[in-house]
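**Student:** Next comes the sequence, and after it the predicted model I'd like to discuss.
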Amino acid sequence: MSNTKVLPLLEPEVSEAVAPCCPPLTERPLTAEEAEKTARMFKALGDPVRLRLFSLVASHEGGEACVCDISDVGVSQPTVSHHLKKLKEAGLLTSERRGTWVYYRVEPSVVAAMGQMLGAMG
């Protein structure tokens, strides 16, 4: 007799913040709401520390990074936390607490939508 138990898989929650934001810029003019959402994302990436943190998470093995692995960006830990919070608020990162550490993951649907939005301009 086995003591193992099969547990159901949980579907990740999809929040409004991580829904693809906008159509390609050449497709049609953005609505006011789409422009606000898109500007928030690009504004978050407009800070060099945030862009570096975003890059560290995006390029980290496995597609996610523990805050303990990405904190060495030349600013204090509270400042790192502030910048990660701004990236989350802009819908660019998701996070999950595991024990005492928080793990960050780039939200692929948003990044793909941003790339598609800009890629059509070429």
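**Tutor:** Sure thing, it's come through. Computed from a predicted model, the values in this text were never measured in an experiment.

**Student:** rest of the way, CA atoms for contacts and neighbours
**Tutor:** Will do.

**Student:** Strands of this protein, residue ranges please.
**Tutor:** 64-66, 93-98, 101-106 (DSSP state E).

**Student:** between those, which one is nearest to residue 38?
**Tutor:** Nearest to residue 38, of all the strands of the chain, is strand 93-98, at 14.5 Å by C-alpha to C-alpha.

**Student:** any idea of the angle the closest one forms with strand 101-106?
**Tutor:** Comparing the axes of strand 93-98 and strand 101-106 via axes from the mean of the first three to the mean of the last three C-alpha atoms, to 10 degrees yields an angle of 150 degrees.

**Student:** other SSEs contacting strand 93-98?
**Tutor:** Secondary-structure packing of strand 93-98 (3 or more C-alpha pairs under 8 Å, 6 or more residues apart in numbering; DSSP states H and E): helix 77-89, strand 101-106.

**Student:** repeat that with 10 Å
**Tutor:** Packing contacts for strand 93-98, counted by 3 or more C-alpha pairs under 10 Å, 6 or more residues apart in numbering; DSSP states H and E, involve helix 48-59, strand 64-66, helix 77-89, strand 101-106, helix 108-119.

**Student:** contacts for the longest one?
**Tutor:** Going back to what we said before, that points to helix 77-89. Here helix 77-89 makes contact (C-alpha atoms under 10 Å, 6 or more residues apart in numbering) with 17-18, 40-45, 47, 49-51, 53-54, 67-68, 70-74, 76, 90-95, 104-107.

**Student:** change it to 7 Å
**Tutor:** For helix 77-89, contacts defined as C-alpha atoms under 7 Å, 6 or more residues apart in numbering pick out 44, 50, 71, 93, 94.

**Student:** Nothing else from me, thank you.
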